[in-house]
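Peer 1: coordinates for the following, if possible.
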Amino acid sequence: MILDVIYLSFIALSMICGLIFTKRASHRCYKIFLIILVLTTLNETGSFVVKYLANIHKINLIVNTHPNYNVYFYIRFILLGMIFQSIFTRKNKLIYYFINLFYVTTIVMFFFCYNLYSGINKIHTAYYMTGGVFVIINCLLLFYESINNDEVVSPFEFPFFLSAVALFLLFLGILPFMGMINFLAKYNASLFENQQIIIKCLNVVFYSLISVDYYLQWKRMKLLY
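Peer 2: Have a look, this model is predicted:
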């Protein structure tokens, strides 16, 4: 319970930082990511409240929030694709087409996962892992783009760089771990709870870096104007 409150607090903090530090002159990627933060806050808070109310009223029925998370995951990865498209110049046609291909893959994966998991009442792990690999690849491409920028500047001056570092570390840490735990959980159900604890701890670090990135981009704009 305490970890859940801490976890939700850091998500809310990142959303508040986004609302405060996102201005009209902010790069489009920060505006799109703010939408993700708002959706994340609503989804996580709603799921927490439903589970909490079910617990205090001692409802024996298992509260299934997986449909909410499935919808959230599909929207989030699409928005992340839009963020990377807003960062990469149109000169990078290969990258642009790669992201467009992911949009098509999302549609295909939805119908595939819908049949594989018999609907949306189970987490579409296959799509989540596909989206995670997609984000990791785009983060690596963004790192390369920032290094090869025409102007010699610090990578942290590059739009969305710190957020990309956060995304890269998050998915690089979660994907192998989640795959291993999901396999082992078939033999030991208690491992699932440990998985959730570690994932939430990783997310606390993730949302902390996001908050810092929103502040830094606001500070850069303030210096420019």
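Peer 1: following the helix or strand where Glu44 lies, which helix or strand shows up next?
Peer 2: Element membership for Glu44, per DSSP states H and E: helix 28-56. Counting by DSSP H and E, the next helix or strand C-terminal to helix 28-56 is helix 66-87.
Peer 1: can you classify the residue nearest to Val165 when sequence neighbours are not counted by secondary structure?
Peer 2: In space, Val165 comes closest to Leu209 once its chain neighbours are excluded; the distance is 6.6 Å by C-beta to C-beta, 6 or more residues apart in numbering. All C-beta atoms are positioned from the backbone trio N, CA, C, and that covers glycine. Counting by DSSP: H, G, I helix; E, B strand; the rest coil, the backbone at Leu209 sits in helix.
Peer 1: against which helices or strands is the helix or strand harbouring Asn115 packed?
Peer 2: In the assignment (DSSP H and E), Asn115 maps to helix 93-116. Under the contact definition 3 or more C-beta pairs under 8 Å, 6 or more residues apart in numbering; DSSP states H and E, helix 93-116 sits against helix 66-87, helix 125-147.
Peer 1: any chance of these in JSON lines, plus mean pLDDT?
Peer 2: Below are the helices and strands packed on helix 93-116 laid out as JSON lines (pLDDT from 0 to 100):
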{"stretch": "helix 66-87", "mean pLDDT": "94"}
{"stretch": "helix 125-147", "mean pLDDT": "91"}
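Peer 1: tabulate those helices (CSV), appending mean neighbour count and distance to Leu116.
Peer 2: Shown next, in CSV, are the helices and strands packed on helix 93-116 (neighbours: other C-beta atoms under 10 Å; distance: least, C-beta to C-beta, whole Å):
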stretch, mean neighbour count, distance to Leu116
helix 66-87, 19, 12
helix 125-147, 18, 7
